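Asker: here's a sequence, model it:
(one chain, ligands or ions: 2)
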Amino acid sequence: TDPALIRNFCIIAHIDHGKSTLADRMLQITGVVDDRSMRAQYLDRMDIERERGITIKSQAVRLPWDGHVLNMIDTPGHVDFTYEVSRSLQACEGAILLVDAAQGIEAQTLANLYLAMNADLHIIPVLNKIDLPAAQPEKFAEELAGLIGCEPSDVLRVSGKTGVGVRELLDHVVASVPAPVGKADAAARALIFDSVYDTYRGVVTYVRVIDGHLSKRERILMMSTSATHETLEIGVISPEPKPSDLGLGVGEVGYLITGVKDVRQSRVGDTVTSAAKPAAEMLAGYEHPKPMVFSGLYPIDGDEYPELREALDKLQLNDAALVYEPETSAALGFGFRVGFLGLLHMEIVRERLEREFGLSLISTAPNVVYRVVMEDGSELTVTNPSEFPSGGKIAQVFEPVTKSTILAPAEFIGAIMEICQGRRGQLQGMDYLSEDRVEIRYTLPLGEIIFDFFDQLKSRTRGYASLDYEPAGEAEADLVKVDILLQGEAVDAFSAIVHKDKAYAYGVDMAKKLRELIPRQQFEVPIQAAIGARVIARENIRAIRKDVLAKCYGGDISRKRKLLEKQKEGKKRMKMVGRVEVPQEAFVAALSTD
Ligand code: GDP
Ligand code: MG
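Answerer: Ligands and ions are numbered 1, 2, ... in the order given. The predicted structure is shown next:
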C-alpha cells in the first residue's frame, strides 16, 4: 500500500469510557465484520478480558475506508501495562482521545493523553456516549478543549453504542491524521508492539514497519536479543489474520509468524530487521519488563506443585513480563515467588492459573521490591519479606515510589488528602480542571498503593475518584520487618515489611486475627509479633484437652476407627508450624487482605 493512503491510529480512554464498543462499531461500519458475526468487544479475545470487559492485550485491525487503509490499534487501558500502551502509541501517527460524555476526564484519560503527546501523535478529542440521558456534552467539551488547547467546537461527539457520529469520526481520521513516513529503500525496521502466543501457530508478533520492507520466507533478526528467525507467514489482521504474499512495507501494520513458541523471543518494544541486511540502529525506547510487585503462590494441595510449575511455564509463553522462581515456605510448603507488573497483572495471572489450569492456590500478601544497604556497604534486593535481614546492621532501606495522580470532584479533596497522608504521601500539586473537578498529585510509596489503596479511595469518594500512577524511582524509608511467631517460631508467610509507625498496628492486628483462626491445641500457644528480638504484640491460645475417643465410652470399635480416620483426614489439611497445627484455612483467611 502507498504510505500516503495509510492512517495508523489508536483509541485511548479511561477504562469503561467505551473504547472497545467504539472499536466494534468501526469494524461494523467499515464492513470488516458483518452484522451477523458481530459480537460485543470483538477485539477482546481472551476470556478474561471479555468477562471483565477490559482490554489486556493490544490488537490491531486493518479497516478499509474511503480509498484509504486505516490501521486501528486497540491499547490496554490499565496502569500495569503502561509500557505496552506506549509501544502501541509508537506504532501510530494519531490518537482518538475518547471521553465519556457523562463522566468527563479521568486519571487514565490524562495519563494516556500525556503518553500520546510524548509520542508526538495527532490528537482527536472525542466525547462518547452522547446517547446517554446523563451526558453533558457542552460541559465536558469545554473541559476537554481546555485540556488539549482547542475549541470546544473541535471536539467530536459520538455514540459507540448507536453508531452516531462514527462515520464522521472515520472521515476525520483520514483528513487529519498524518500519513506515515519512512524510508522505503532503507534496511527494514519494524516495531513489535504486541506478541501473543497461540497454541496452534506459536507466537504471533504484531509489528509496525517504520522503514524498508518485511517479506515472507525471509530471515529476520530481533535486535535486542540478536536471535534470528524465518518469517513463515506475514500478513494483516482484518479482522482475522490474512496472510499476504507481498509482505509489509513502510507504514504498514500487521503480524508475522516465525514458529517461535515463547513470547520472550519476540518482545514488545524490540526492533525486527532483516538478518541479511540489518539496520544499523534499533528503534528507540526498548525496555525490558520489570516486575514491580511480588507474591508467593502455593498450591493448597501440596501434590499440585508440579502442575503449578507447568502452568506457570505455559503462562510465561504468553506473558513476557511474568517471572517466577521456586520458593519454600516452612508454613506453606513448596511454591513460587512470582513477580508481576502490578496488582491487576497479579490478579489476572492468579485467575488464569485457577481457571485455565484448575489449580487452587494460596498467595501471600503482595510486596514491592526493597533495596537494603547494610552498614558494611553491602547491598541486597529483597523480593520476599522473610529474606529481609533481621540483624541490626541495616544502614538504609529504599522502597519504590510513584508519581500518583488522582482525579475527583472537588468535594472529595479532604478525604483524598487524608488517605494519601495516612499512607506517607507527599502532596506535589493540585489543579482544577473545571470549577468542580480537581487533579491532585502525590508522591506515594508503591508499597502503600498495592495494599487496598484503590478500594479505600473508591469507597471514600463514592466511586468518583480515579487513580493513575507511574514509577518515580526509589526513596529511603524507615521500614522494618515484622515477624509473626507461633510458640516462638516465625511463620515465614506472615512476615511483612512495614513502616515503623505502622508496625505495631500490623502486629496487633495479625496476632488477633490468628488467635481467632487457629484452633486450640493440647498445649498453650503464644502468638507474638516481633521486630527482630523485640516483641511488640502478644496473644495467647489457651490449651484444651482434646480426646476424641473419650466420647465413645469404650463402645463399639468401628465407630472409634471412623473417628480416628476422620481426624487423620483433617490433619492432612493441617500445616505444622513447629508443634502447632494450623489449618490451611487459617493461612488463607489470614493472608486475604480484607
Ligand atoms: P472500554 O473499557 O473503554 O473498552 O469500554 P467498553 O467499550 O467496554 O464500554 C464500557 C461500558 O459502556 C459498556 O457497558 C458499554 O456497553 C457502555 N458503552 C460504551 N459505549 C457506549 C455508548 O456510546 N453509549 C452508551 N449508552 N453506553 C456505551
Ligand atoms: Mg475495552
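Asker: in three-state terms, label the residue nearest to Ala179 when sequence neighbours are not counted for me.
Answerer: The spatially closest residue to Ala179, leaving aside those adjacent along the chain, is Ala4, at 4.9 Å (Cβ to Cβ, 6 or more residues apart in numbering). C-betas here are computed from N, CA, C, even on glycine. Applying DSSP: H, G, I helix; E, B strand; the rest coil to Ala4 yields a three-state assignment of helix.
Asker: for Arg208, what are its contacts?
Answerer: 8, 71, 90-92, 190-191, 193, 251-253 (Cβ atoms under 8 Å, 6 or more residues apart in numbering).
Asker: can you turn the buried subset of those residues into a selection I can paste into PyMOL?
Answerer: To isolate the buried members of the contacts of Arg208 in PyMOL, using 16 or more other Cβ atoms under 10 Å:
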select buried, resi 8+71+90+91+92+190+191+193+251+252+253
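Asker: ranges for the helices of the stretch 351-500 of the chain?
Answerer: Using DSSP state H, counting those that start in this stretch, the helices of the stretch 351-500 of the chain run over 413-422, 446-449, 453-460, 500-517.
Asker: now swap in the chain and tell me
Answerer: Taking DSSP state H, the helices of the chain run over residues 19-29, 47-52, 82-90, 107-118, 137-148, 166-176, 305-317, 343-356, 413-422, 446-449, 453-460, 500-517, 557-572, 584-591.
Asker: can I get these in TSV with distance to Ile406?
Answerer: Below are the helices of the chain laid out as TSV (distance: least, Cβ to Cβ, whole Å):
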stretch	distance to Ile406
helix 19-29	22
helix 47-52	23
helix 82-90	17
helix 107-118	7
helix 137-148	16
helix 166-176	30
helix 305-317	32
helix 343-356	16
helix 413-422	6
helix 446-449	11
helix 453-460	7
helix 500-517	21
helix 557-572	47
helix 584-591	28
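Asker: closest one to Gln396 among those helices?
Answerer: Closest approach to Gln396 among the helices of the chain is made by helix 500-517 (13.5 Å; Cβ to Cβ).
Asker: quick check: which of the helices of the chain is nearest to Ile541?
Answerer: Smallest distance to Ile541 across the helices of the chain (Cβ to Cβ): 5.8 Å, for helix 500-517.
Asker: ligand 1: which of the helices of the stretch 351-500 of the chain is closest?
Answerer: Nearest to ligand 1 among the helices of the stretch 351-500 of the chain is helix 453-460; the distance by Cβ to the nearest ligand atom comes to 16.4 Å.
Asker: pull that closest one out as CSV, backbone CA atoms only.
Answerer: The C-alpha trace of helix 453-460 is given here as CSV (Å, rounded to 0.1, in the frame of the first residue of the first chain):
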residue,chain,number,x,y,z
PHE,A,453,-5.4,1.8,48.4
PHE,A,454,-7.7,1.8,45.4
ASP,A,455,-10.6,0.2,47.3
GLN,A,456,-10.3,2.8,50.0
LEU,A,457,-10.1,5.6,47.6
LYS,A,458,-13.2,4.4,45.8
SER,A,459,-15.2,3.9,48.9
ARG,A,460,-14.3,7.3,50.4
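Asker: picking up where we left off before, between the contacts of Arg208, which is nearest ligand 1?
Answerer: Checking the contacts of Arg208 against ligand 1 with Cβ to the nearest ligand atom, the nearest one is Cys92 at 17.1 Å.
Asker: can you pull the contacts of the closest one?
Answerer: With Cβ under 8 Å, 6+ apart, Cys92 has these contacts: 8-10, 71, 73, 119, 121, 208.
Asker: 7 Å instead?
Answerer: 8-10, 73, 121 (Cβ atoms under 7 Å, 6 or more residues apart in numbering).
Asker: who wins for neighbours among those?
Answerer: Tallying neighbours with other Cβ atoms under 10 Å puts Cys10 at the head of those, with 28 neighbours.
Asker: hmm, back to that, with mean pLDDT and distance to ligand 1 added, can I get the helices of the chain in CSV?
Answerer: Listed next are the helices of the chain as CSV, based on pLDDT from 0 to 100; distance: least, Cβ to the nearest ligand atom, whole Å:
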stretch, mean pLDDT, distance to ligand 1
helix 19-29, 90, 3
helix 47-52, 52, 9
helix 82-90, 87, 13
helix 107-118, 89, 9
helix 137-148, 94, 12
helix 166-176, 98, 9
helix 305-317, 92, 23
helix 343-356, 88, 13
helix 413-422, 96, 24
helix 446-449, 94, 21
helix 453-460, 90, 16
helix 500-517, 91, 35
helix 557-572, 59, 44
helix 584-591, 78, 30
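Asker: out of the ones you listed, nearest to Thr273?
Answerer: Taking the helices of the chain one by one with Cβ to Cβ, helix 82-90 is closest: 16.2 Å.
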